[in-house]
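In: predicted coordinates and the sequence they were generated for:
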Amino acid sequence: MTRSVWLKADESVGDWDARRRRITAGLESGVDWVLVDEGDVGRVRELGDVNVAAFRTGGDVDVIDDPESEDAAEADAYVVGKDGEGDGTVDLPADYSGSADLSTLRRDDERANGAYVRIFDEEYEAFAEAAADEADYTIVVGEDWTIIPLENLIARIGDETELIAGVTTAEEAKTAFETLEIGADAVLLDTDDPDQIRETVAVRDEAERETLDLEWATVREVERAGSADRVCVDTGSLMDHDEGMLVGSMSRGLVFVHAETAESPYVASRPFRVNAGAVHAYVRTPDGGTKYLSEIRSGDEVQIVDTDGNTREAIVGRAKIEQRPMFRVELEADNGDRFETLIQNAETVKVAAEDGRKAVTDLETDDRLKVYYEDTARHFGEAVEESIIEK
């Protein structure tokens, strides 16, 4: 499930300088959306590339320096509820058919596709549910996060809308993402603290990441296999000593290969690199799929995994292909299934063995290596329930 972080930066934050500082901190941290007053859309576009949502209200919300350029800027989403029924400025109608906010959402003219509702009590919770029936984005802000029935909204709204929970700290964001195990789709963060903004983005990334069940497989054969076109995957991230990638000749069994974080008498460490294997091999990607190493190129995302199975994503800076001597390593899973991979014959290439990090040049029969094994076939990198023979 993809999560996102929205940053609130409307006039309630302060003057434009205060709003700009908050928006800049958000852009530098990697927020997905910025929610501003309609008059600030153009200003945000000038600051950086980010999705912009704008409150749509009945009156002028800001005095701008250059009306012509600002008015020409379109937001990616328009939100009703501020200075209206959603935030309590206007009383909720007894009959929702007379609701100004909901009527605006019902119009199919792109005037608004988002709703903003402050949850004061059960009536506003019901109003949020009604808004969710009409809105692509439903923002709910609780007055007290120990009381707000976010669980009810998650359970009742389901997939009808993107549910965005208002928060003020990274800890609140973590709670919102974990509620009912499903969690909110996004959070609307209201803070000036750059540390909280960064930590909330980190919480988002952590919520999106999977944890893999790595297991041990037994080495059954290691043999020299001649030369092949070998791929080094150089990422834009520095990897830790226990991190690497999952690669293999057969998608059902991927071998953990360490990043080149260790010093060697022959070459300096390159902690951004994994000497992954031959061009035909699979490498695991953050979406749970695989790609051939031959397909990897600058700008792609690959999955980094540590020896405990924790994952994160990294951008590929380059894929370096050279002809090198290779080992063929055949392994056996605990269920008796055998799979293999080609790894460069070089002492700088290391795998995770039971007795610790081990160079492939030192591998022996009966060594136990960390692998990711799944009893499934893949077609174009996607898992399929189909009989596919790989040998």
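Out: Looks like it came in fine.

In: now the helices: where do they sit in the stretch 51-200 of the chain?
Out: 67-71, 100-106, 122-134, 150-157, 170-178, 194-208 (DSSP state H, counting those that start in this stretch).

In: ok, which of those helices comes nearest Y373?
Out: Proximity to Y373 (C-beta to C-beta) singles out helix 194-208 among the helices of the stretch 51-200 of the chain, at 23.4 Å. Where you see a C-beta, it was placed from the backbone N, CA and C, and this is true even at glycine.

In: on that earlier part again, now the helices of the stretch 51-200 of the chain in CSV, with mean pLDDT, distance to F327 and mean neighbour count?
Out: Converted to CSV, the helices of the stretch 51-200 of the chain look like this (pLDDT from 0 to 100; distance: least, C-beta to C-beta, whole Å; neighbours: other C-beta atoms under 10 Å):
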stretch, mean pLDDT, distance to F327, mean neighbour count
helix 67-71, 45, 62, 13
helix 100-106, 91, 62, 20
helix 122-134, 92, 56, 19
helix 150-157, 81, 50, 17
helix 170-178, 92, 43, 21
helix 194-208, 94, 35, 19
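
In: any chance of a markdown table for these, columns distance to V283?
Out: As requested, the helices of the stretch 51-200 of the chain are arranged in a markdown table below (distance: least, C-beta to C-beta, whole Å):
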| stretch | distance to V283 |
| --- | --- |
| helix 67-71 | 45 |
| helix 100-106 | 44 |
| helix 122-134 | 40 |
| helix 150-157 | 35 |
| helix 170-178 | 28 |
| helix 194-208 | 19 |
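
In: could you point out which of those helices sits nearest A319?
Out: helix 194-208 (23.8 Å).

In: from the contact counts, what lies against the closest one?
Out: With contacts taken as 3 or more C-beta pairs under 8 Å, 6 or more residues apart in numbering; DSSP states H and E, helix 194-208 sits against strand 4-8, helix 16-29, helix 170-178, strand 186-189.

In: now do the longest one: which elements does it pack against?
Out: Just to be clear, that refers to helix 16-29. strand 4-8, strand 33-37, helix 41-47, helix 194-208.

In: check the third one too.
Out: Taking 3+ C-beta pairs under 8 Å, 6+ apart as contact, the helices and strands that helix 170-178 lies on are strand 162-167, strand 186-189, helix 194-208.

In: got the angle between that helix and helix 150-157?
Out: 30 degrees (axes from the mean of the first three to the mean of the last three C-alpha atoms, to 10 degrees).

In: and the first one, by the same measure?
Out: Orientation of strand 4-8 against helix 150-157 (the same axes, to 10 degrees) gives an angle of 120 degrees.

In: any chance you could list what contacts strand 4-8?
Out: 22-23, 26, 30-35, 53, 139, 164, 166, 173, 185-190, 197, 200-201, 204 (C-beta atoms under 8 Å, 6 or more residues apart in numbering).

In: quick check: the closest residue to A115 other than its chain neighbours vs A77, distance?
Out: Closest residue in space to A115, ignoring its immediate chain neighbours: A131 at 3.6 Å, by C-beta to C-beta, 6 or more residues apart in numbering. For A131, the distance to A77 (C-beta to C-beta, to the nearest Å) stands at 14 Å.

In: same check on T175?
Out: From T175 to A77 the distance is 25 Å (C-beta to C-beta).

In: ok, A184 next?
Out: Separation of A184 from A77 (C-beta to C-beta): 17 Å.

In: centre of the protein to the edge, which residue is at the far end?
Out: The C-alpha centroid of the chain is most remote from A94, which lies 41.2 Å away (C-alpha atoms, centre = their mean).

In: what pLDDT, on average, does stretch 78-86 get?
Out: Here stretch 78-86 scores 95 as its mean pLDDT.

In: poorly predicted segments of the protein, please.
Out: Confidence mapping of the chain against pLDDT under 70 gives the ranges 1, 58-72, 108-110, 144-148, 158, 180-181, 376-391.

In: which residues does the spatially closest residue to A276 that is not a sequence neighbour bridge with?
Out: Once flanking residues are discounted, A276 sits nearest to V247: 4.7 Å by C-beta to C-beta, 6+ apart. The partner list for V247 in beta bridges (DSSP bridges) reads V255, V283.

In: and the gap between V247 and C232?
Out: 12 Å.

In: and these two? Which one has more around it.
Out: A direct count of neighbours by other C-beta atoms under 10 Å for V247 and C232 places V247 higher, at 27 against 20.

In: which residues touch the more buried one?
Out: 254-255, 257, 274, 276-277, 281-284, 293, 341.

In: what of S264?
Out: So S264 contacts 347-348 (C-beta under 8 Å, 6+ apart).

In: that one falls within a strand, correct?
Out: No: read with DSSP: H, G, I helix; E, B strand; the rest coil, S264 is coil and lies in no strand.

In: for it, what are phi and psi?
Out: phi -140, psi 150 (degrees, to the nearest 10).

In: next one: G39
Out: Residue torsions, per degrees, to the nearest 10, at G39 are phi -70, psi -10.

In: ok, now M250?
Out: On the backbone of M250 - angles per degrees, to the nearest 10 - the values are phi -120, psi 130.

In: now do the contacts for it.
Out: By C-beta under 8 Å, 6+ apart, the contact list for M250 reads 282, 339-341, 390.

In: is T211 bridged to anything, and to what?
Out: The partner residues for T211, given DSSP bridges, come to N310.

In: for it, give me its contacts.
Out: Applying C-beta under 8 Å, 6+ apart to T211 gives the contacts 309-311.

In: for it, give its distance to G288.
Out: 12 Å.

In: try S249
Out: Noted for S249: a distance of 19 Å to G288, by C-beta to C-beta.

In: for those two, indicate the residue with more neighbours.
Out: Set side by side, S249 and G288 show more neighbours around S249, with 22 against 14, by other C-beta under 10 Å.
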